[in-house]
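K.L.:
just to be clear, the model below is a prediction. Sequence and coordinates:
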Amino acid sequence: MNCAVTDLSPYIPTAAVPWNKLRAVHLFRRAGFSADIDTVLAALTEAPQHVVDNLIQTALDTPLTPEPNFAFKSMSEYGLAMLESILERDGYAREWILKLQTSGLHGRMTLFWHNHFVTRFDVYESASYMYQYHKVLEENALGNFKEFVRAIGLTPAMLVYLNGTQNAAGSPNENYAREVYELFTLGVDNGYTQADIEETARAFTGYTNITEPWGEILFDPATHDTGEKTIFGQTGNYGYDAVIDLLFEQRSTEIAEFIAGKLYRNFVNPEVCPEMIAELAQVFIDSDWSIAELLRALFKSTHFFDENNFATVIQGHLEHYLIFLNEVGAQLNGLSVFGVYADTTEFGQALFNPVDVAGWPGNRAWINTTNLIYRQNAQESQLGPLSLFSFGELAAFVTQVTDETEDVDLVCRDIIRYFLPKGFQFEADYAAALVNFKGEIPQNYFEDGTWTVNYWATPFQLSGLLGFLVKMPEYQLK
């Protein structure tokens, strides 16, 4: 149940709803993969509306991933084609994870669209097709949604994955026509008929000329159906571009509400607020399908910063890793990213291979008895190295996360509140957390003033507390 009663009006801090660490961290977790404590504290010196503007502008200015040497590589240029292509895929996926850690909202949106406009490497098998698809995701991550839809359908990865290359006059393949409505723009059984799908498939015919295996895919006029088609009650000699135009003309409300709803469930609350969806959909239409403007309205709203929307979304496996690392100030490198890629693939979130055309279901589907243990163990295994190699960062974190200096219980609660947006439900959990935070330090140190937040062992104490927190169900939420 969504208990938030706020709306899309801009969030202006008040004494009752202050701009504080809690809300800043909420913004960075949802509009990216969180941030280190220095970034959070710096954000508190600015108005939240300006912080959101800066996040969006930074995302718009984020450079594309450099073109790899296999960007347009056909099968004939390989020796052991399948093995080499898989190795290129794995290397590119690891580089993407490294970029995601620091690419904020742009990275978050690229990953979101990867799970919306789904293709599977296991079907098209070409590293060059994978790169070209990923480039379109990056180029359009915060761009114009209509042009995004137009571009993604003509990527080789999509043409192969959803059978566009087999869609020819006389024997149309309905696969892409169905998914462009059902999954990409309108939603299941929302504003289209089976006849619309059949006629759209005819309009999409012609992209059948595969110049060579894993090579360029071109339009072949000889395989395009040039007859009249009736789609959404409109009749014309439609082709691919004309159908995209017609779709956005005839079904603008349905598209806007479907995409606004999906963004809302991912970035605000899995339980949608219908009034908010209607408001966001109108922003989307009024901005001529600007993803950036839709996000701007959402992230600036009083509704987004409503505490009823905190800790409502279960983190995906990859973001679970990246949020943790960013918040403790640890940076992935070329070696450590191997483990993250291997773990998330093992857990069921293999980049470039979502489970099916509908993508990873998300939220509660991320958690089962096996994955929960894997996630807990994976986080806990990082704490030892963090204590050794990020000693100074952890020490600084403890002093910056709290205004308390001597009361160990209050310091512990401030740290918990930072990592768990709604804290614990039971006092017994706070008591157990405090035991883990105190560690082996003698009790009298906390009573006679020997211990303060500047005590030399606080990095190890923080590590001990985190070891407790990562095993708690509340830690799965953002």
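P.N.:
Thanks, I have it. Small disclaimer: the values here were computed from a predicted structure and weren't measured. Numbers count the residues shown, from 1 in each chain.
K.L.:
what are the contacting residues of the longest helix seen in the chain?
P.N.:
If you go by DSSP state H, the chain has its longest helix at helix 81-102. Identification of contacts with helix 81-102 by C-beta atoms under 8 Å, 6 or more residues apart in numbering yields 33, 65, 68, 70, 75, 78, 107, 110-111, 121, 125-127, 130-131, 134, 214, 318, 322, 325-326, 331-334, 337-338, 340-341, 351-352. The C-beta positions use only the backbone N, C-alpha and C, and glycine is treated the same way.
K.L.:
of these, buried ones?
P.N.:
Neighbour counting by 16 or more other C-beta atoms under 10 Å classes 33, 65, 68, 70, 75, 78, 107, 110-111, 121, 125-127, 130-131, 134, 214, 318, 322, 325-326, 332, 337, 340-341, 351-352 among these as buried.
K.L.:
which of those residues fall within strands?
P.N.:
Among the buried ones among the contacts of helix 81-102, none falls in strands (DSSP state E).
K.L.:
so Leu159, which of the three states?
P.N.:
Here Leu159 is recorded as helix under DSSP: H, G, I helix; E, B strand; the rest coil.
K.L.:
which residues of the stretch 201-350 of the chain score low on pLDDT?
P.N.:
Scanning the stretch 201-350 of the chain for pLDDT under 70 picks out no residues.
K.L.:
rewinding a little: in helices only, show me the buried ones among the contacts of helix 81-102.
P.N.:
Residues of those located in helices (DSSP H): 107, 110-111, 121, 127, 130-131, 134, 318, 322, 325-326, 337, 340-341.
K.L.:
the nearest residue to Pro459 once chain neighbours are set aside: which element?
P.N.:
In this structure, Pro459 finds its nearest non-sequential neighbour in Leu394, 3.7 Å apart by C-beta to C-beta, 6 or more residues apart in numbering. If you go by DSSP states H and E, Leu394 is part of helix 391-401.
K.L.:
same check on Glu293?
P.N.:
Here Glu293, judged by DSSP H and E, is contained in helix 291-299.
K.L.:
next: Arg150.
P.N.:
In this assignment (DSSP H and E), Arg150 forms part of helix 145-152.
K.L.:
buried residues in that helix?
P.N.:
For helix 145-152, burial by neighbour count (16+ other C-beta under 10 Å) applies to Phe145, Lys146, Phe148, Val149, Arg150, Ala151, Ile152.
K.L.:
could you dump it to PDB, C-alpha only?
P.N.:
Coordinates of each C-alpha in helix 145-152 appear next as PDB, following Å, rounded to 0.1, in the frame of the first residue of the first chain:
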ATOM      1  CA  PHE A 145      11.400   8.600 -25.900                       C
ATOM      2  CA  LYS A 146       9.700   8.600 -29.300                       C
ATOM      3  CA  GLU A 147      13.000   8.700 -31.100                       C
ATOM      4  CA  PHE A 148      14.400   6.100 -28.600                       C
ATOM      5  CA  VAL A 149      11.600   3.700 -29.700                       C
ATOM      6  CA  ARG A 150      12.300   4.400 -33.300                       C
ATOM      7  CA  ALA A 151      16.100   3.800 -32.900                       C
ATOM      8  CA  ILE A 152      16.000   0.700 -30.800                       C
END
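K.L.:
how about the helices in the stretch 201-350 of the chain?
P.N.:
Assigned by DSSP state H, counting those that start in this stretch, the helices in the stretch 201-350 of the chain fall at 240-250, 252-267, 274-286, 291-299, 317-327, 336-347.
K.L.:
for those, which one sits closest to Ser390?
P.N.:
helix 317-327 (9.8 Å; C-beta to C-beta).
K.L.:
got the angle for that closest one vs helix 336-347?
P.N.:
Relative orientation of helix 317-327 versus helix 336-347 (axes from the mean of the first three to the mean of the last three C-alpha atoms, to 10 degrees): 150 degrees.
K.L.:
so which elements touch helix 317-327?
P.N.:
Here helix 317-327 touches helix 81-102, helix 336-347, helix 369-381, going by 3 or more C-beta pairs under 8 Å, 6 or more residues apart in numbering; DSSP states H and E.
K.L.:
which of those helices has the lowest mean pLDDT?
P.N.:
Ranked by mean pLDDT, the helices and strands packed on helix 317-327 bottom out at helix 369-381, which scores a mean of 85.
K.L.:
what comes up buried for it?
P.N.:
Asn371, Tyr374, Arg375, Gln376, Ala378, Gln379.
K.L.:
make a markdown table out of those residues and add distance to Lys422.
P.N.:
Output for the buried residues of helix 369-381, formatted as a markdown table (distance: C-beta to C-beta, whole Å):
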| residue | distance to Lys422 |
| --- | --- |
| Asn371 | 22 |
| Tyr374 | 24 |
| Arg375 | 19 |
| Gln376 | 19 |
| Ala378 | 23 |
| Gln379 | 19 |
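K.L.:
just how off-centre is stretch 366-380 within its chain?
P.N.:
Stretch 366-380 sits 19 Å away from the centroid of its parent chain (C-alpha atoms, centre = their mean, to the nearest Å).
K.L.:
nearest spatial neighbour of Thr226, skipping sequence neighbours?
P.N.:
Nearest residue to Thr226, sequence neighbours excluded (C-beta to C-beta, 6+ apart): Asn237, at 6.4 Å.
K.L.:
list the contacts of Val272.
P.N.:
Listed by C-beta under 8 Å, 6+ apart, the contact partners of Val272 are Asn2, Gly261, Tyr264, Arg265.
K.L.:
do I have it right that the first one meets Asn308?
P.N.:
Yes. Asn2 is in contact with Asn308 according to C-beta atoms under 8 Å; the separation is 7.2 Å.
K.L.:
between these two, what contacts are shared?
P.N.:
Common neighbours of Asn2 and Asn308, counting by C-beta under 8 Å, 6+ apart, are Asn269.
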